[in-house]
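> test case, fold it:
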Amino acid sequence: GLIWTMFKPSNPPVIPSPEAFLESWVATDSTMLFCVPAFVEAWAHNPNSVELLKKLRVIIYAGAPMNKQIGDRLTADGVALVPFYGS
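You can find the predicted model right below:
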C-alpha cells in the first residue's frame, strides 16, 4: 500500500507551486512523488533540491513531456524519473 499526502483543505486553497510542493513532501517525509514535469524542471536548477530528489524512490510525472536535457541530467545524477501517461 501507500499513503497519499495532499495540501490541507483551506480557504482560499493552497496554490501548488514548485516551492510549496517541495516543502510539503519534505515535511511529510514522502518517498515517491507524482507531479507535473514543470515542478521537476524548476527543482533541477537548485543543487539543494536535486540532493532531495535523489533521496526519493521515484518521481512519477505526467501532463507534459519532460525537458530532455534536464531529464537526462537528473537521471545521470541518480534521480529516478518515470513518465506516466493516461488516456
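
> what secondary structure does the residue nearest to Ala20 when sequence neighbours are not counted sit in?
Distance criterion CB to CB, 6 or more residues apart in numbering; nearest residue to Ala20, sequence neighbours excluded, is Val14 at 6.2 Å. In short, each C-beta sits where N, CA and C put it, glycine included. Of the three states, Val14 takes coil under DSSP: H, G, I helix; E, B strand; the rest coil.

> what about the strands in this structure?
32-35, 58-61, 81-83 (DSSP state E).

> what pairs with the first one, parallel or antiparallel?
Read it as strand 32-35. Sheet pairing here is set by DSSP bridges, and for strand 32-35 it gives strand 58-61 (parallel).

> could you do the last one as well?
Here the strand partners of strand 81-83, with direction, are listed using DSSP bridges: strand 58-61 (parallel).

> put the alpha carbons of the strand it pairs with into PDB.
Extracted in PDB, the C-alpha atoms of strand 58-61 (Å, rounded to 0.1, in the frame of the first residue of the first chain):
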ATOM      1  CA  VAL A  58      10.700   7.600  -7.700                       C
ATOM      2  CA  ILE A  59       9.300  10.700  -9.300                       C
ATOM      3  CA  ILE A  60       6.300  10.000 -11.500                       C
ATOM      4  CA  TYR A  61       5.400  12.800 -13.800                       C
END
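
> one step back: using CSV, lay out the strands of the chain together with mean pLDDT and mean neighbour count.
Compiled in CSV, those are given as follows (pLDDT from 0 to 100; neighbours: other CB atoms under 10 Å):
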stretch, mean pLDDT, mean neighbour count
strand 32-35, 94, 16
strand 58-61, 96, 17
strand 81-83, 96, 14
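
> Gly1: which of those is closest?
strand 32-35 (12.2 Å; CB to CB).

> list the contacts of stretch 33-43.
16, 18, 21-22, 25, 49-50, 52-53, 56, 58-67, 70-71, 74, 81, 84 (CB atoms under 8 Å, 6 or more residues apart in numbering).

> what of stretch 56-74?
30-38, 40-41, 44, 50, 53, 79-86.
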